[in-house]
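*Asks:* sequence? don't have it. structure:
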């Protein structure tokens, strides 16, 4: 257990080549699609967190006017799910946990509603406190609706009727979530454990079944000799052949699973791009030709060296893929340890697979995009991070950090589609979103293990040893779970409908003269001086002087100054 997690517990007691079809999942809960090329089974990245979150200022409580805040690029104050009964921590931003792009603008109404706009005036985020709803409009034209209720139940709805419904339950004193995904008329379920992190709760993927322990040793150890393997052809590869190529041979199962995981993510990107295209918002790769056009019926996915040389090296380099393989080895080890605990009737701590624990080794780690995200670069510009892109994070936040934002991210590989983050750029990311990425890896590895068990000893893959034989065993916590939600599809559709009304109501609340009292609007911008603020708002009711940091309290807001300039507004 990491020191950071231990401190938190003391404070408050989830293919390159595609083996099997997997539909695209909701953002933060995505998966793979396509008929060939490595894909995963039925799920991909999961969403652990939230709806859109913003910079560091939250809903005001005034009944006299609406507050307008111009957003500069700075860290946010929270992330994940509130640890309390569905409410937000006092003073937290209505969009807490996600970085805000430079030049954005936020309006907060007296009823707690909030609207964030981008520098071009388009709406990016909406918060409706009455419905417990957050709405995010992506750079790709997508819309993600997230609802969390007081009992910790959650609903996420996305374009195309995809989404999930999650219901909480307790097992041996720990909270788990039973999540029912729904997409294209098909439902399937997954499980997530919750762990506390700085007053918030984050969800981490929890395998619902475990293999014999010997199988994990087989999946981790090198094979006696490099193994060539021909993946089935996939339609998405024609679009992303410039970006990705499978390993020509596999030194161990970890590299085989790496191609499985990456392929699953790219298959999801391919499917999501076509879904977006149907609604006129397709953000696709810059070119559609690859090493091989698998749609023409090519039966293998391994690229002849001469052809690979003629087409140039793929954007996703072997070096970066090897980093992903290292993360997969860690995931296999962790699941193996959990399998041992489960067989001994011992409870598995959800935090053991968290990013908090992952970073306890003090080393950088890489993450594969399993769903669409909007990130913010160190220059304060918003950019897209999609399925199959790769991010390195140097370190988790310090144990005493409460911003919920990780600022040490670097883009290692990007498909370079429209508005995607450039390779090499530094980015900030919410802790909850990073946990979602890690969930995607864990889930995809679980799918890859299932495929490996099914195909071991076939197609040239070495056969597992006798100690690896046996059917998976259901996890103890999953055996006691409530049933899946049979009405998930209806509930997701209902939230998508409710979001239309929620957005209209929120926009009306922040712009209505009734909400502003005098009909005037007060604008406070990050970077303003103390004199500029007091000239606009008058004298504060209270001043907290902490040296370079000063907090001015007004009836409807608190303004934090750092070295004489506005740094935060709550």
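*Replies:* Structure's in. What do you need? For clarity, every value in this text was computed on a predicted model and none was experimentally measured.

*Asks:* which residues of this structure score low on pLDDT?
*Replies:* Residue ranges of the chain with pLDDT under 70: 1-94, 96-97, 99, 274-312, 512-522.

*Asks:* Let me know whether residue 202 touches residue 195 as I believe.
*Replies:* Yes - contact status for residue 202 versus residue 195: in contact at 6.0 Å, counting by C-beta atoms under 8 Å. Bear in mind the C-beta positions are built from the backbone N, C-alpha and C, glycine included.

*Asks:* what about the strands in the stretch 151-300 of the chain?
*Replies:* Remark: strands assigned in the stretch 151-300 of the chain by DSSP state E, counting those that start in this stretch are 154-157, 163-171, 174-183, 186-197, 200-205, 209-210.

*Asks:* Take those and lay them out in JSON lines including distance to residue 435 and mean neighbour count.
*Replies:* Below are the strands of the stretch 151-300 of the chain laid out as JSON lines (distance: least, C-beta to C-beta, whole Å; neighbours: other C-beta atoms under 10 Å):
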{"stretch": "strand 154-157", "distance to residue 435": "14", "mean neighbour count": "26"}
{"stretch": "strand 163-171", "distance to residue 435": "15", "mean neighbour count": "21"}
{"stretch": "strand 174-183", "distance to residue 435": "13", "mean neighbour count": "23"}
{"stretch": "strand 186-197", "distance to residue 435": "9", "mean neighbour count": "21"}
{"stretch": "strand 200-205", "distance to residue 435": "5", "mean neighbour count": "27"}
{"stretch": "strand 209-210", "distance to residue 435": "22", "mean neighbour count": "20"}
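
*Asks:* Turn these into CSV, including distance to residue 414.
*Replies:* Output for the strands of the stretch 151-300 of the chain, formatted as CSV (distance: least, C-beta to C-beta, whole Å):
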stretch, distance to residue 414
strand 154-157, 25
strand 163-171, 26
strand 174-183, 25
strand 186-197, 28
strand 200-205, 25
strand 209-210, 34
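
*Asks:* wait, which of the ones you listed is closest to residue 132?
*Replies:* Each of these has some distance to residue 132 by C-beta to C-beta; the shortest is strand 154-157, at 9.6 Å.

*Asks:* List the contacts of the residue nearest to residue 359 when sequence neighbours are not counted.
*Replies:* Leaving aside its sequence neighbours, residue 359 sits nearest to residue 396 (C-beta to C-beta, 6 or more residues apart in numbering; 3.8 Å). Residues near residue 396 by C-beta atoms under 8 Å, 6 or more residues apart in numbering: 4, 355-356, 358-359, 406, 431.

*Asks:* try residue 229
*Replies:* 249-250, 256, 302, 459-461.

*Asks:* again, but for residue 535
*Replies:* Contacts of residue 535 (C-beta under 8 Å, 6+ apart): none.

*Asks:* before we move on, what about the one 5 residues further on?
*Replies:* Shown in contact with residue 540 (C-beta under 8 Å, 6+ apart): 534, 552-554, 559.

*Asks:* could you redo the last one with a cut-off of 6 Å?
*Replies:* Shown in contact with residue 540 (C-beta atoms under 6 Å, 6 or more residues apart in numbering): 552-554.

*Asks:* Residue 501 is in what secondary structure piece?
*Replies:* Assigning secondary structure by DSSP states H and E places residue 501 in helix 488-511.

*Asks:* what residues does that helix touch?
*Replies:* Contacts for helix 488-511 (C-beta under 6 Å, 6+ apart): 66, 107, 109, 111, 113, 115, 126, 128, 131, 133, 135, 145, 147, 155, 157, 163, 165, 180, 182, 187, 515.

*Asks:* in that helix, what counts as buried?
*Replies:* 488-489, 491-492, 495-496, 498-499, 502-503, 505-507, 509-510 (16 or more other C-beta atoms under 10 Å).

*Asks:* Show me how far the helix or strand harbouring residue 450 is from its chain's centre.
*Replies:* Per DSSP H and E, residue 450 falls inside helix 431-455. Taking C-alpha atoms, centre = their mean, to the nearest Å, one finds helix 431-455 lying 13 Å from the centre of the chain it belongs to.

*Asks:* For that helix, enumerate the helices and strands it packs against.
*Replies:* Secondary structure elements in contact with helix 431-455, counted by 3 or more C-beta pairs under 6 Å, 6 or more residues apart in numbering; DSSP states H and E, are strand 200-205, helix 253-278, helix 318-343, helix 355-358.

*Asks:* Reformat those as CSV; add distance to residue 211.
*Replies:* Shown next, in CSV, are the helices and strands packed on helix 431-455 (distance: least, C-beta to C-beta, whole Å):
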stretch, distance to residue 211
strand 200-205, 16
helix 253-278, 12
helix 318-343, 6
helix 355-358, 22
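
*Asks:* Ok, which of these comes nearest residue 389?
*Replies:* helix 253-278 (8.3 Å).

*Asks:* what comes up buried for the closest one?
*Replies:* For helix 253-278, by 16+ other C-beta under 10 Å, it's 253-276.

*Asks:* Just list what it packs against, helices and strands only.
*Replies:* helix 318-343, helix 431-455.

*Asks:* how about a cut-off of 8 Å?
*Replies:* helix 213-220, helix 237-240, helix 318-343, strand 365-368, helix 431-455 (3 or more C-beta pairs under 8 Å, 6 or more residues apart in numbering; DSSP states H and E).

*Asks:* and the angle from the first one to helix 253-278?
*Replies:* Going by axes from the mean of the first three to the mean of the last three C-alpha atoms, to 10 degrees, helix 213-220 is angled at 80 degrees with respect to helix 253-278.

*Asks:* orientation of helix 213-220 relative to helix 318-343 in degrees?
*Replies:* Going by the same axes, to 10 degrees, helix 213-220 makes 170 degrees with helix 318-343.

*Asks:* Would you mind giving the orientation angle of helix 213-220 with respect to helix 431-455?
*Replies:* Using the same axes, to 10 degrees, helix 213-220 lies at 100 degrees relative to helix 431-455.

*Asks:* How far off centre is helix 213-220?
*Replies:* Centroid separation for helix 213-220 versus its chain: 28 Å, with C-alpha atoms, centre = their mean.

*Asks:* hang on, the earlier thing: would you convert the contacts of residue 540 into TSV that also reports distance to residue 316?
*Replies:* Converted to TSV, these look like this (distance: C-beta to C-beta, whole Å):
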residue	distance to residue 316
552	49
553	51
554	51
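
*Asks:* Could you dump those residues into a markdown table with secondary structure added?
*Replies:* Shown next, in a markdown table, are the contacts of residue 540 (DSSP: H, G, I helix; E, B strand; the rest coil):
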| residue | secondary structure |
| --- | --- |
| 552 | strand |
| 553 | strand |
| 554 | strand |
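
*Asks:* any chance of these in JSON lines, plus distance to residue 323 and neighbour count?
*Replies:* As requested, these are exported to JSON lines (distance: C-beta to C-beta, whole Å; neighbours: other C-beta atoms under 10 Å):
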{"residue": "552", "distance to residue 323": "46", "neighbour count": "20"}
{"residue": "553", "distance to residue 323": "47", "neighbour count": "14"}
{"residue": "554", "distance to residue 323": "48", "neighbour count": "20"}
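
*Asks:* just the residues you listed now: which is nearest residue 443?
*Replies:* Residue 443 lies nearest to residue 553 out of the contacts of residue 540, by C-beta to C-beta, at 45.2 Å.
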